[in-house]
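Student: requesting a structural model of the entry that follows:
(one chain, ligands or ions: 1)
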Amino acid sequence: MDNPRQLAFIALRSVQRGAYADVALDRILRQTDLSSVDRRLVTELVYGSVRRQRSLDALIDQLAKKKAQQQPPDLRIILHLGLYQLRYLDHIPDAAAVNSTVELAKKNGFSGLASFVNGFLRQYLRLASGGDPLELPDNPVERLGTLHSYPDWIIEVWLEQFGYQETEQLCEWLNKPPAIDLRINPLRASLEKVVAALQEIGVNISRIANLPQALRFTSSTGAIEKLPGFDAGWWTVQDSSAQLVSHILDPQPGEVVIDACAAPGGKTTHIAELMQDTGTIWACDRTVSRLKKLQQNIARLQLKSIQICTGDSRNLTQFTSVADRVLLDAPCSGLGTLHRHADARWRQTPTTVAELVVLQTELLTHVATWVKPGGILIYATCTLHPQENEAIVQDFLTHHPHWRIERPAANSIGVPYATTAGWMKVLPHHQAMDGFFIVRLQKEPE
Ligand SMILES: C[S@@+](CC[C@H](N)C(=O)[O-])C[C@H]1O[C@@H](n2cnc3c(N)ncnc32)[C@H](O)[C@@H]1O
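Tutor: This next block holds a predicted model:
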């Protein structure tokens with residue numbers, strides 16, 4: 001049973017039936033005792049096949065008699081697995097990819113189609129020896145969508161924002177495996193201490209320009225929770241651009257700060273660290289399971305200044321005008337973090353975005369009432385969709401004349417990401433971090 005390709009096939013079958021890719025993968029990996037090399041292969045095959053689904057289907061449509069949608073669902077997965085290895089993985093010899101895919105077909109009820117699978121993959125290889133066999137439409141939206149495997153609507157949103165060349169770079173960047181960054185907890189350890197402890201066990205790590213607490217792994221790590229300092233609360237896994245958000249909030253010791261969408265607490269715990277664990281931080285969220293993770297993180301990092309408030313932040317009435325600063329790290333379509341969630345591009349749609357826009361508007365309108373006169377409100381998302389970012393802020397300012405955008409001060413941490421409008425945008429293909437939108441709003445003093 002511990003055959004990596006068979007395990008990938010089982011996980012992909014769950015994904016096809018509606019499971020989240022990370023959940024399906026985690027379930028399958030927990031049941032096995034694979035070497036770390038094989039675990040990496042299963043992970044790559046599952047995430048890669050999901051991510052590249054559109055391109056792989058286009059090749060099936062082109063090269064097989066039956067279109068991808070008309071293939072038996074399990075056979076379609078097997079063809080995806082074979083094609084994915086041939087097209088995207090350099091370290092697997094072609095013969096091994098073809099033979100193992102034929103075996104997979106035989107093992108999973110397609111013995112009668114083994115020669116079709118063999119012929120199909122060998123035809124792909126023959127064509128690939130003379131250039132890319134994937135035929136691309138002329139229309140730029142479908143062309144980028146087919147080549148880089150994104151739905152047309154995402155390509156349209158990005159083409160309008162960034163133009164063809166930048167969109168293509170962004171698509172390519174978000175198809176690469178994500179980096180893992182750490183945020184050092186200065187209340188428990190210094191950056192130097194963490195670097196030394198990791199280097200001692202052969203894990204390589206580098207600093208990230210302009211982010212005082214950030215480190216990025218540059219070699220493989222094994223299980224993160226087993227690395228030195230995790231249990232002792234020396235550090236937290238958090239992408240650099242997410243770290244940027246709390247620095248831009250700039251909370252001060254002793255203040256009252258509310259994090260309106262806090263779980264699992266990446267930014268709340270960062271805020272507590274920046275405030276030297278003084279003052280009061282309210283961590284609000286409506287998802288109980290995610291709040292449990294927040295609680296675990298607070299305990300591991302040994303923080304005392306955070307209070308949890310469970311509920312829908314649109315309905316919480318106890319916080320009117322109490323906060324020096326409020327963070328709204330809003331639920332969003334996550335188009336800036338597609339590299340971390342292989343199936344997200346297929347789950348989000350223009351309809352889910354429209355629903356999110358309503359939620360984001362309602363949240364922003366309500367949590368703005370929590371800020372004291374003269375106080376600060378940060379609106380942030382990890383998406384690159386103007387309806388969820390620029391349009392939300394413009395609409396808010398139109399209806400709230402006592403608020404204004406505060407631009408990043410000269411030499412401050414937000415400057416490299418600033419736009420002429422005053423908000424900040426982190427573009428993954430420029431800054432090598434998750435995509436983020438961050439704006440700092442100030443309420444008029446009394
Ligand atoms: C982007 S995530 C927050 C991530 C978190 N700030 C961090 O850094 O770890 C958005 C969160 O919003 C929460 N959420 C969504 N709708 C909400 C609502 N109406 N009220 C409160 N929380 C909500 C979700 O449960 C989710 O945890």
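Student: dig out what the nearest residue to residue 245 once chain neighbours are set aside forms beta bridges with.
Tutor: Nearest residue to residue 245, sequence neighbours excluded (C-beta to C-beta, 6 or more residues apart in numbering): residue 380, at 4.9 Å. In this view, the C-beta of every residue, glycine as well, is placed from N, C-alpha and C. Note on residue 380: beta-bridge partners by DSSP bridges are residue 329, residue 438.
Student: show me the contact partners of the helix or strand hosting residue 99.
Tutor: Following DSSP states H and E, one finds residue 99 within helix 94-107. With contact meaning C-beta atoms under 8 Å, 6 or more residues apart in numbering, helix 94-107 is reached by 5-6, 9, 75, 78-79, 81-82, 85-86, 89, 111, 113-114, 117-118, 121-122, 125.
Student: check these for burial and list the buried ones.
Tutor: Buried residues within these, counting neighbours by 16 or more other C-beta atoms under 10 Å: 5-6, 9, 75, 78-79, 81-82, 85-86, 113, 117-118, 121.
Student: so which bits of the stretch 101-250 of the chain are right by the ligand?
Tutor: residue 242 (C-beta under 6 Å from any ligand atom).
Student: the stretch 301-446 of the chain now?
Tutor: Contact residues, the stretch 301-446 of the chain versus the ligand (C-beta under 6 Å from any ligand atom): 312-314, 329, 331, 363.
Student: what are the phi and psi values for the residue of the stretch 51-200 of the chain found nearest the ligand?
Tutor: Nearest residue of the stretch 51-200 of the chain to the ligand: residue 183, at 10.8 Å (C-beta to the nearest ligand atom). Backbone torsions of residue 183, given as degrees, to the nearest 10, read phi -120, psi 120.
Student: what's the separation between it and residue 335?
Tutor: Distance, residue 183 to residue 335, using C-beta to C-beta, to the nearest Å: 23 Å.
Student: and for residue 2?
Tutor: 36 Å.
Student: give me the more crowded residue out of the two.
Tutor: Neighbours of residue 2 and residue 335, each counted by other C-beta atoms under 10 Å, are more numerous for residue 335; the result is 23 against 12.
Student: what sits against that one?
Tutor: For residue 335, the contacting residues are 154, 157, 348, 383-385, 435, by C-beta under 8 Å, 6+ apart.
Student: and for residue 227?
Tutor: Residue 227 makes contacts with 198, 201, 203, 221, as judged by C-beta under 8 Å, 6+ apart.
Student: just give me the least confident of those residues.
Tutor: Among those, residue 221 carries the weakest pLDDT, at 80.
Student: what distance do you get for it to residue 215?
Tutor: Distance of residue 221 to residue 215, computed by C-beta to C-beta: 11 Å.
Student: tell me where this protein has strands.
Tutor: Under the criterion DSSP state E, the chain contains strands at 181-184, 205-207, 214-217, 235-237, 256-259, 280-285, 306-310, 323-329, 371-381, 403-405, 424-426, 436-443.
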